[in-house]
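*Asks:* What follows is a predicted structure for the sequence shown.
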Amino acid sequence: KRKRKDKESDNDEDYSAPANSRSAHSKLKSKKTGDALGPKGSIRFCARCQRRYLLVTASEFCPACLSLKNASTGMSQPTKKPRKKKTKIISDALEDGNEDVPSLKTLCINLIATYIDSVEDFGGISDRLKLSISKIIGRHRQLTPQNVKLFIGPGEMNVDLFECTYLDEAALCYVATLCPNARHLHLGYCGRATDKVLDAISEHCTQLTELSMSGPFLPSAAAFTNLFVNLPQLVSLHLKFAAKLNPDSLASLVDNCAGLQSLRLEGCTKLRAEGLRTIARLKNLAELELSQIEVSPDVDTDMEEALSHLITTIGPSLTMLYLNGFKNLPDRILSDLSNSCPKLSKLSLEENTSMTPEGVVSCLTTLAEKNSTPNGLTHLSLNRNETFTDTCLIAIVNLFPRLSFLGINGWDELSSTSLEALVSQENGLTELEEIDVSWVRNVTDDIFIGLMRNNRKLEKVKVYGCNRLTEEVVGKEWRSNGGEGKMVIVAGNEFV
């Protein structure tokens, strides 16, 4: 061993390591190959401080030492240009989507709906605000047996529960018990309702005049019979998918609720022809809906005759008639309808596959001639009748210029001729508030712009399946009243 010289100090502070100093046997020591420092992303050791760093740029120094070197020479390291943050577009602020920026009231409603399980009492808010909260909660399926207490009580006259999926039999009975003074009761998606729930409604809600239930497929026909016996003051009844409602139950309704003015039955497939003849005894009816009630024409061969009898009997008093989903609705029924219903302002004939375009044109022509209402027909829905042609749409435009709603969903046979007549500035429709042109393939940008231009009251347009519309047009912000009114809802916009 070499002896240390006397003048050599034991202090290592005076020792400065040469550049790239590293023990010769180190496996991590980098070796230059020509001018290359190694592949990008490899690990190197700084020539100044000997710390490891990831090779990103062609430099022998780590980022810290490189910044010091640049600062001493007056050079500045290039910096990345900061990215602009995307502006968050506030949409669907309100339930109807008509406001760009939500108001303070809307923000409060949304906040309450979000933390509904933490709310103890609504206080003195109006029925309208409570209805808005109920709709938002129903849309998100947040209604539970615990928070349903916020919407019911002895002082509630109108009770609207739009989503009752999580309310069991006991909770629904509790709702009926706590609302003895309710005049209006709506239970949406109440698939867990049973005979006990109907008995509770008939026992406690004795002042009901309007009852609406969606999905009560468990209650028996006897429970419906007992319900109608105990609610003789009913004025409006809406039942959707009441699977066990039969002609005997309807007979009880007719015998006990003679003052009924509005009857809407959807998906009640046990009514049959006998049930339609029973409904014909309701002489005070002004609104009637029968949708998806026919099982098969082969099963019930008398359905056509019963429907004809029903229309000719109570048609003179009807202002609204919806006949949807009939597999056997021949042109003869349309003739009875046009000759027997002079007061109609709302008509729906959706998904009736046996109707012919000629029969529909004849029906609408007679209906327009004999209609005695000031504005004529204002609501017309003929959705999902795929065989209807240009002749039908041109007849509608010429016969009913004051339509506020038009449904032509699925009219795939329409050409540009009839669609241009629809949006014509001289003879087209100009008072539409809502229109459904979904799955009409020939709807183009020009047709869409014409609808927006001509109809200053337009609130909603449905364009599902209209694949010829472009993002530049349908993605634009459209407003009613010539661009100065509320925002028009474009449902089915694939570019959103």
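*Replies:* Received, thanks.
*Asks:* Every contact and neighbour count from this point should use C-alpha atoms.
*Replies:* OK.
*Asks:* All the strands of the stretch 251-400 of the chain, in order from the start?
*Replies:* For the stretch 251-400 of the chain, strands defined by DSSP state E, counting those that start in this stretch occupy the ranges 262-266, 287-291, 320-324, 346-348, 379-381.
*Asks:* would a markdown table of those strands with mean pLDDT, mean neighbour count and distance to Asn409 be doable?
*Replies:* What follows is those, written out as a markdown table (pLDDT from 0 to 100; neighbours: other C-alpha atoms under 10 Å; distance: least, C-alpha to C-alpha, whole Å):
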| stretch | mean pLDDT | mean neighbour count | distance to Asn409 |
| --- | --- | --- | --- |
| strand 262-266 | 97 | 19 | 20 |
| strand 287-291 | 97 | 20 | 17 |
| strand 320-324 | 97 | 21 | 14 |
| strand 346-348 | 97 | 19 | 12 |
| strand 379-381 | 98 | 21 | 9 |
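*Asks:* Pipe those strands into a markdown table and attach distance to Val175 per row.
*Replies:* Below are these laid out as a markdown table (distance: least, C-alpha to C-alpha, whole Å):
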| stretch | distance to Val175 |
| --- | --- |
| strand 262-266 | 23 |
| strand 287-291 | 28 |
| strand 320-324 | 31 |
| strand 346-348 | 34 |
| strand 379-381 | 35 |
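*Asks:* Of the ones you listed, which is nearest Gly450?
*Replies:* With C-alpha to C-alpha as the measure, strand 379-381 is the member of the strands of the stretch 251-400 of the chain nearest Gly450 (20.0 Å).
*Asks:* Determine how far that closest one lies from the middle of the whole chain.
*Replies:* For strand 379-381, the distance from its own C-alpha centre to the chain's C-alpha centre is 19 Å (C-alpha atoms, centre = their mean, to the nearest Å).
*Asks:* Identify the neighbouring strands of it in the sheet and state each direction.
*Replies:* Sheet neighbours of strand 379-381, with direction, are listed as strand 346-348 (parallel), strand 405-407 (parallel) (DSSP bridges).
*Asks:* quick one on the thing from earlier: to Ser480, which of the strands of the stretch 251-400 of the chain lies closest?
*Replies:* Closest to Ser480 of the strands of the stretch 251-400 of the chain, according to C-alpha to C-alpha: strand 379-381, at 19.4 Å.
*Asks:* how far away is Leu422 from Ser354?
*Replies:* According to C-alpha to C-alpha, to the nearest Å, Leu422 and Ser354 sit 25 Å apart.
*Asks:* Which one of those two is surrounded by more residues?
*Replies:* The residue with the greater number of neighbours, taking Leu422 and Ser354 and applying other C-alpha atoms under 10 Å, is Leu422; the counts read 22 against 14.
*Asks:* ok, the more buried one - contacts?
*Replies:* 393-394, 397, 428-429 (C-alpha atoms under 8 Å, 6 or more residues apart in numbering).
*Asks:* quick revisit: in JSON lines: the strands paired with strand 379-381, plus distance to Arg281.
*Replies:* Conversion of the strands paired with strand 379-381 to JSON lines gives the following (distance: least, C-alpha to C-alpha, whole Å):
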{"stretch": "strand 346-348", "distance to Arg281": "21"}
{"stretch": "strand 405-407", "distance to Arg281": "30"}
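*Asks:* Compare the ones you listed and give me the one nearest Arg183.
*Replies:* Across the strands paired with strand 379-381, the minimum distance to Arg183, taken as C-alpha to C-alpha, is reached by strand 346-348, at 25.5 Å.
*Asks:* Would you tell me which of the strands paired with strand 379-381 gets closest to Asn246?
*Replies:* When the strands paired with strand 379-381 are ranked by proximity to Asn246, the top entry is strand 346-348, at 23.9 Å, counting by C-alpha to C-alpha.
*Asks:* Mind listing residues that contact that closest one?
*Replies:* Outside strand 346-348, the residues that touch it by C-alpha under 8 Å, 6+ apart are 319-324, 377-382.
*Asks:* For Leu323, see how far away the closest residue to Ala368 other than its chain neighbours is.
*Replies:* Leaving aside its sequence neighbours, Ala368 sits nearest to Leu399 (C-alpha to C-alpha, 6 or more residues apart in numbering; 6.3 Å). From Leu399 over to Leu323 the distance is 21 Å, taken as C-alpha to C-alpha.
*Asks:* one step back: number of nearby residues for the residue nearest to Ala368?
*Replies:* Here the number of neighbours of Leu399 (other C-alpha under 10 Å) works out to 19.
*Asks:* In contact with it, which residues?
*Replies:* For Leu399, the contact set (C-alpha under 8 Å, 6+ apart) comprises 364-365, 368.
*Asks:* since we're on Gly41, how many residues are nearby?
*Replies:* Gly41 is surrounded by 11 other residues when neighbours are defined as other C-alpha under 10 Å.
*Asks:* What of Glu472?
*Replies:* Residue crowding around Glu472 was assessed by other C-alpha under 10 Å; the count is 9.
*Asks:* what about it, which helix or strand?
*Replies:* helix 471-474 (DSSP states H and E).
*Asks:* For the very next helix or strand once past that helix, the averaged confidence score.
*Replies:* Sequence-wise, the next helix or strand downstream of helix 471-474 (DSSP H and E) is helix 480-483. Mean per-residue pLDDT for helix 480-483: 86.
*Asks:* Asn493 contacts Lys476, doesn't it?
*Replies:* No: at 10.4 Å, Asn493 and Lys476 do not qualify as touching, with contact defined as C-alpha atoms under 8 Å.
*Asks:* The two: which has the busier surroundings?
*Replies:* Asn493 (19 against 10).
*Asks:* so which helix or strand takes in the more buried one?
*Replies:* Using DSSP H and E, Asn493 sits within no helix or strand.
*Asks:* need the contact list for it.
*Replies:* Residues in contact with Asn493 (C-alpha under 8 Å, 6+ apart) are 463-464, 474-475.
*Asks:* returning to that earlier point: ok, so of the contacts of Leu422, who is nearest Leu451?
*Replies:* Comparing the contacts of Leu422 against Leu451 with C-alpha to C-alpha places Leu429 closest, at 8.4 Å.
*Asks:* Let me know the helix or strand that the closest residue to that closest one other than its chain neighbours is in.
*Replies:* Of all residues not flanking Leu429 in the chain, Pro401 sits nearest, at 5.5 Å (C-alpha to C-alpha, 6+ apart). Secondary-structure assignment from DSSP H and E places Pro401 in no helical or strand segment.
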